[in-house]
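**Q** Got a predicted structure plus its sequence, pasted below:
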Amino acid sequence: MDTTPTPSPQPGKSDLVVFKPKQLRRFYEPIVLFKALNDISRKWGRIRSPDRSPNPQTDDEEFQLFLDKLALVCDRKKGGTTVTAVTVLDHDEDALTYVIGCNQISAPAREKTSHFVLELLKKVEGFNNLEPLEKPGVRNGIRDFILAYNRPRIECYMNSLLKELGNCIESCSQIDFDDISQIERSLKELETSIGDGVDKKIAEAEYLESCLYCLQRIKEFQRAAPMNTFIDERATEGRLPDHKSMVCWSELRHNLARLLVYEKAVATFIATEAKWSELFQEVKVKSVASSRPDGNPLGKKSEEAQSVIGRMSSHAPTIAKYRKLSLNLEADPYLLNDRIKEQCDKVNFRPIVHCEVLVLNWILAEYTEPRFFRNWRYIGTSKGPCKLCHYYFEAHPSQVKIRPAHGNVYTSWRFADLTKAQGEAGVRGRQNIFNSMMDAVRKDAFLILEEKSPIGKSHDSNTYTFMSHPESDREVEVGGSDTSEVDNLIEQFEAGLSFTNTSTTDSLALSGSDDEEGGTSLF
C-alpha cells in the first residue's frame, strides 16, 4: 500500500477565471433568501422529509454504501470542517486509487486522514480468509481503531446524549403513558452509565474502555421494551411545531443512533471485503487540498427581501406576486429581513468548495476520461449533500452521482476554482452549471414562499426509528461481537439482497444542533 498522500497544489489568483461581483450577487441573494425562508418554515411550519432512496439491491448500490461509510468514519469532528467525500479510481494496473477530500482541513490533517484510510483498509484486508476464532479479535481491532480516530465527535455525542437524557427524564412528568415510570427508570440508568464514562482527559486506552462500556449500555437500553417504540413516538412529536417540549426526544434518538453507527460501518467494511477484496489490497490515496474561503459576496444592498425578489425575475407579475407573499413574513414574529441581514453580516459567510465538488473537480482536472472502479461513477460522502451540491451534480455533465440530498441550504458554498488553462470550454461549462443552479435556487425560494414548508431537515445525518435501518442512509445493524450477523450481511451482499428495513420516519429535530455547515474556515 502507498502510505504517502499526494499533495494537491492550488493555483495562484492570477491563474483563475473568477466570477464578476454582479454574477455572485445574483447567485447568492436567492440562496440567502431561501435559507431565511427555510429557517422560518422550520420554526413555524410543518416539517417535510427529504425524498428517500431505496435499500441497496444491486452491486453498485452496495458499493455506494461502502464509500458512504468510509467517508463517515473519516468525518471525525463536529462542525463541518472534516465532512468527507471519497471515490475509487481504476487507472493504474498495480493499484486502485482512493480520492479523498474534506471541507476545510489543513495539510497535516489531510496527511492524517490519508494515513487513517490506508491503515483501516489494511486492517480489513483478508478478514474473510481468517479462521472463525480469529475474526472477533480482528473485528474488535477494526472497531477500536475507528473509535479512537473519531474520539472528538464521539465525545461530543456522548456529552450531548447526557444532556438530552436529563431533559427527557424531566419531561417524563409531563407524559401520560402507562409504563412511564419504567421509561424514566431506564433513562436514569443510562444517564448514570454515560455520566461515569464521559471524560475528555483520559488516555486512549481508558477512553476506548469507557466508550465500549457506554456503547454496550446504549445497546441494552435500545433493546429494552417498551423503549423501542416509545422513543420513536416521542421523537416524532418533538418534530412538530406545537410540541417543542418534546424536542429532547428527537435529540436523544439522534445522538443514540449516531453513536451506534460505527459498529455498523465495521460490518459494511467486512461485507465489502468479502465481495470485492481488491478494494483492500493494492491501493493508494490521493488527498485533495481544501479550498481557500472566498470573501462575503453580498452586502447591505442584499438585506431586504423586496429588493432581492425584484432581481430574481424579469417578469413584473411574478415579482409582484412574491413581493406580496414576502410581506407577510417581514413583520414580527417571522422577521424575514432581519434574518437576511443577519446572514449577510455573518463573519463566517466565506464560501468554500464543498468536499464532493472538490473531489469531482480534482478528478476531471487530472483525467480527461476518468475510470472509476467497475465504472461506478459515484462519490460517497459522510453526510447527505446540501441542496447546492445536489443542484451542482444534477447540472454537471459528468453524470457522477452522490447521495440523496438532506435538503439544507448552506450559504457558504462556492464553485471550484477554474484556471485560465481550462480555456473557453471550461468557462462555458461552468457558466452552464451556474445558470442551471441559479434557476433551481430561485424556483425553490419561490416555492417555499408559496408553501412556507422547509425542504431540509435539522440534522444533515439521517436518524431513523430507534430500532430500524434507514433507507437513504442504508445502515446495517450489527450488535456486539456476534459474527453470525456479519456473516449474514456478507450472504446478503453475495446474493444481491436488500437490507431489512421497517423504517417510515425520519428524526427531524428542530434544534439544528448537528446542522454542520460547510463554511467553517481554518483561516
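**A** Sure thing, it's come through. Numbers count the residues shown, from 1 in each chain.
**Q** in the protein, which ranges drop under the pLDDT threshold?
**A** Across the chain, the ranges flagged by pLDDT under 70 are 1-13, 43-54, 196-201, 225, 238-245, 452-523.
**Q** now the strands for it?
**A** For the chain, the strands defined by DSSP state E cover 84-89, 96-102, 283-288, 380-381.
**Q** any chance of those in TSV, plus distance to residue 128?
**A** Where you see a C-beta, it was placed from the backbone N, CA and C, and this is true even at glycine. Shown next, in TSV, are the strands of the chain (distance: least, C-beta to C-beta, whole Å):
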stretch	distance to residue 128
strand 84-89	19
strand 96-102	18
strand 283-288	17
strand 380-381	22
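**Q** so which of these comes closest to residue 229?
**A** Nearest to residue 229, of all those, is strand 380-381, at 31.1 Å by C-beta to C-beta.
**Q** Neighbouring strands - and their directions - for the closest one?
**A** If you go by DSSP bridges, strand 380-381 pairs up with strand 84-89 (antiparallel).
**Q** mind listing what's buried in the partner strand?
**A** Buried positions in strand 84-89, judged by neighbour count with 16 or more other C-beta atoms under 10 Å: 84-89.
**Q** Same check on stretch 151-169?
**A** 151, 153-158, 160-165, 167-169.
**Q** Work out the gap between it and the centre of the chain.
**A** Distance of stretch 151-169 from the chain centroid (C-alpha atoms, centre = their mean, to the nearest Å) equals 19 Å.
**Q** Can you give the contact residues for it?
**A** 75-78, 147, 184, 187-188, 190-191, 194-195, 197-198, 200, 204, 207, 211, 214, 234, 248-249, 251-252, 255-256, 258-259, 262, 513 (C-beta atoms under 8 Å, 6 or more residues apart in numbering).
**Q** How about the contacts made by residue 280?
**A** Here residue 280 is in contact with 121-122, 124-126, 273 (C-beta under 8 Å, 6+ apart).
**Q** The stretch 151-300 of the chain: helices as residue ranges?
**A** For the stretch 151-300 of the chain, the helices defined by DSSP state H, counting those that start in this stretch occupy 151-171, 180-197, 204-223, 227-238, 247-275.
**Q** closest one to residue 347 among the ones you listed?
**A** Among these, helix 151-171 sits nearest to residue 347 (C-beta to C-beta), with 22.7 Å.
**Q** pull the CA atoms of the closest one into CSV?
**A** Extracted in CSV, the C-alpha atoms of helix 151-171 (Å, rounded to 0.1, in the frame of the first residue of the first chain):
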residue,chain,number,x,y,z
ARG,A,151,-12.9,10.4,19.5
PRO,A,152,-13.6,14.2,19.1
ARG,A,153,-17.0,13.5,17.5
ILE,A,154,-17.9,10.6,19.8
GLU,A,155,-17.2,12.7,22.9
CYS,A,156,-19.4,15.4,21.6
TYR,A,157,-22.2,12.9,21.0
MET,A,158,-21.7,11.4,24.5
ASN,A,159,-22.0,14.8,26.2
SER,A,160,-25.0,15.8,24.1
LEU,A,161,-26.6,12.5,24.9
LEU,A,162,-26.0,13.1,28.6
LYS,A,163,-27.7,16.5,28.3
GLU,A,164,-30.7,15.1,26.4
LEU,A,165,-31.2,12.2,28.8
GLY,A,166,-31.6,14.8,31.6
ASN,A,167,-34.1,16.7,29.5
CYS,A,168,-36.1,13.6,28.7
ILE,A,169,-36.1,12.5,32.4
GLU,A,170,-37.5,15.9,33.3
SER,A,171,-40.2,15.7,30.5
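**Q** how much distance is there from it to the middle of the chain?
**A** 20 Å.
**Q** ok and that helix relative to helix 227-238, angle-wise?
**A** 80 degrees (axes from the mean of the first three to the mean of the last three C-alpha atoms, to 10 degrees).
**Q** what's the angle from helix 151-171 to helix 180-197?
**A** With the same axes, to 10 degrees defining the directions, helix 151-171 sits at 150 degrees from helix 180-197.
**Q** In contact with the closest residue to residue 361 other than its chain neighbours, which residues?
**A** Ranked by C-beta to C-beta, 6 or more residues apart in numbering and with sequence neighbours excluded, the top spatial neighbour of residue 361 is residue 416, at 3.7 Å. Counting by C-beta under 8 Å, 6+ apart, residue 416 makes contact with 291, 353, 357-358, 360-361.
**Q** rerun at 10 Å
**A** 291, 353-354, 357-362, 364-365, 392, 430 (C-beta atoms under 10 Å, 6 or more residues apart in numbering).
**Q** Then residue 380?
**A** 63-72, 84-88, 100, 356, 359, 401-403.
**Q** So which of those sit within helices?
**A** Residues of the contacts of residue 380 located in helices (DSSP state H): 63-72, 356, 359.
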